[in-house]
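Trainee: build me a structure from this.
(one chain, ligands or ions: 1)
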Amino acid sequence: MANAMKWRIYLAIIFSLMIISSLPISSSTRAFYTKAIDKTGLTPPTNSVIFLYYNGGSPVYTKAQLGTFFNDVLGAFAIKEITSLDTYKELENASVLMLLGQTDLSSIKMDVLEQFIVEGGSLLIALPPDNFSAFDSVLELFSLRTYGKILDNSSYYNNQTNVVVNDSFMIREHPSIRSIFGNVSEIVIPNGAGIERLDSPPLINATFEDYSLVWGLNSTFVDKNDNGVQDEDEPYGENISLIHVVETWFGGKIVVLPSIEMIIDDYILDPQFDNLILSRALTYWFGNQIGFISIRNIVATPTFLDITHEKLEINVSAIVTDENNNTLSQVQVNACLVRLGRVISQAEANRLNNKPIYLAILNVSKVKPGAAYIYVMAYKKYFGYFWVRGPRITLYKPPVTIGDIHPLVLVFGAIVPILSAVILSVYLFPEYRNKRKRLREIEGKIIEK
Ligand SMILES: [Ca+2]
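Mentor: Numbering: from 1, shown residues only. This is a model prediction of the structure:
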């Protein structure tokens, strides 16, 4: 009774703390995106998010030719440059690895890249105008491949290498298309390559979602045989993925731009098109600033759990909002118990009334004793997967006490032997007295001698 009362008080305290902490932090309108982004303090500071630029693999454009992209678009983030991709050490703290227009990726160690993805890393890929198939080794991780050059015959007499796509061929509700940076209504893709989905299983052992963010117009086709005209068997229209996105379960994102030329100064600064808005929104999406899920105030009870206890459950609660502290719709929230990087128990969390508080009950009856961590994972389509670590949980087996011993064990293991000993000693006592008497007599005789 007293115990139940104590729990009720604990829960009441936890809930009131949660309600207080979930109150909106700021509701003022935003004038400048850079100011707005740090205002709520829910997203990581931009200068702590590392974008890694790999300068090996003979890229077709230099960093200088991507000046606007590096200085303006990526300006607020931390940029690090690396020359090789053969050890994981260089990738350790990076959020996004940028492979921009390489023509040869043979020096990249694929297991290093896979480890980066499994640890939640993101990839920004921009294909070179030629030799784009160099990226197939990376794309095949996700059952994707480059198709061939994309051309557009909208002018009917001249097949254009510059493909212009308007927002009817884009996922408009994606955070990179409609954002605080503006709306992307038309982009230009010069000398791009199309992406196709393979039937073969992905080479990476990971759960992921993938989709076309931008796809081909009806006049857009893949010139598979590279003869400059559209042949019958050549795919066209929505079958061609122009900008392809992968959201990995580990929390990373992969974006494949069909052409590095989309972001070189010549095109990114063209005021006719929204390539600048798109690249800005994409990098801020990559950099966990927009289309972001904030998971915080993770509470777990109990954190010490006797595994011999009847109720092997852990109550987990967390606050889940977007980057502006707004409630998210159609978000999936899971509480997970993780040991040595593996999820050993998980449960779906449910939203508490109309507050951004999510509750889950984790069943840990099949979990072996030892330490583990609570993680809360949230997924929303076009936002991606997000993971945040919560409290440490200790599952233990207490030392054996009388109260824990089964009555049968107690009867046959202790009570019966003790009773038999007592009964035996009572029966044998007269005999013992007699024997002692005789012993004394013998003793006396020996001494007398
Ligand atoms: Ca052709």
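Trainee: contacting residues around the residue most central in space within the chain?
Mentor: By C-alpha atoms, centre = their mean, the chain has its centre lying nearest to residue 251, at 2.5 Å. For residue 251, the contact set (C-beta atoms under 8 Å, 6 or more residues apart in numbering) comprises 120, 384, 385, 386, 387. Every C-beta, even on glycine, is put in place using the N, C-alpha and C of the backbone.
Trainee: do residue 381 as well
Mentor: Per C-beta under 8 Å, 6+ apart, neighbours of residue 381: 209, 330.
Trainee: just to revisit the earlier point, so which of the contacts of residue 251 sit within strands?
Mentor: Among the contacts of residue 251, the members found in strands (DSSP state E) are 384, 385, 386, 387.
Trainee: please name the nearest non-neighbouring residue to residue 359.
Mentor: Nearest residue to residue 359 in three dimensions, chain neighbours excluded: residue 317, at 5.0 Å (C-beta to C-beta, 6 or more residues apart in numbering).
Trainee: ok, now residue 175?
Mentor: residue 291 is the one closest to residue 175 (C-beta to C-beta, 6+ apart), at 2.8 Å.
Trainee: ok, the one you found - how many residues close by?
Mentor: Neighbour count of residue 291, defined by other C-beta atoms under 10 Å: 21.
Trainee: ditto for residue 199
Mentor: 5.
Trainee: what sits against it?
Mentor: residue 143.
Trainee: likewise for residue 253?
Mentor: Counting by C-beta under 8 Å, 6+ apart, residue 253 has contacts 122, 123, 245, 246, 247, 285, 286, 384.
Trainee: only the buried subset of the residues you listed, as a ChimeraX command please.
Mentor: Those of these that count as buried under 16 or more other C-beta atoms under 10 Å are selected in ChimeraX with:
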select :122,123,245,246,247,285,286,384
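Trainee: just the contacts of residue 253 now: which is nearest the ion?
Mentor: Nearest to the ion among the contacts of residue 253 is residue 245, at 27.2 Å by C-beta to the ion.
Trainee: residue 132: neighbouring residues, count only.
Mentor: Residue 132 has 28 nearby residues by other C-beta under 10 Å.
Trainee: okay if I get the contacts of residue 253 as a markdown table plus distance to residue 232?
Mentor: Below are those laid out as a markdown table (distance: C-beta to C-beta, whole Å):
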| residue | distance to residue 232 |
| --- | --- |
| 122 | 38 |
| 123 | 35 |
| 245 | 30 |
| 246 | 31 |
| 247 | 35 |
| 285 | 38 |
| 286 | 39 |
| 384 | 38 |
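Trainee: for whatever helix or strand the residue nearest to residue 359 lives in, packing partners?
Mentor: Using DSSP states H and E, the element containing residue 317 is strand 313-322. Here strand 313-322 touches helix 2-21, strand 293-301, strand 332-339, strand 357-363, strand 370-380, strand 384-396, going by 3 or more C-beta pairs under 8 Å, 6 or more residues apart in numbering; DSSP states H and E.
Trainee: between strand 384-396 and that strand, find me the angle.
Mentor: Angle, strand 313-322 to strand 384-396, by axes from the mean of the first three to the mean of the last three C-alpha atoms, to 10 degrees: 160 degrees.
Trainee: parallel or antiparallel, which strands does strand 313-322 pair with?
Mentor: strand 293-301 (antiparallel), strand 357-363 (antiparallel) (DSSP bridges).
Trainee: would you mark the buried spots in the helix or strand harbouring residue 138?
Mentor: Per DSSP H and E: residue 138 is located in helix 136-139. By neighbour count on 16+ other C-beta under 10 Å, the buried set for helix 136-139 is 138, 139.
Trainee: start the count at 30, not 1, going forward
Mentor: Let's use 30 as the start, then, which means that last one is helix 165-168.
Trainee: which ones are touching the closest residue to residue 327 other than its chain neighbours?
Mentor: Distance criterion C-beta to C-beta, 6+ apart; nearest residue to residue 327, sequence neighbours excluded, is residue 419 at 3.2 Å. Residues in contact with residue 419 (C-beta under 8 Å, 6+ apart) are 327, 328, 329, 345, 347, 402, 403, 404, 405.
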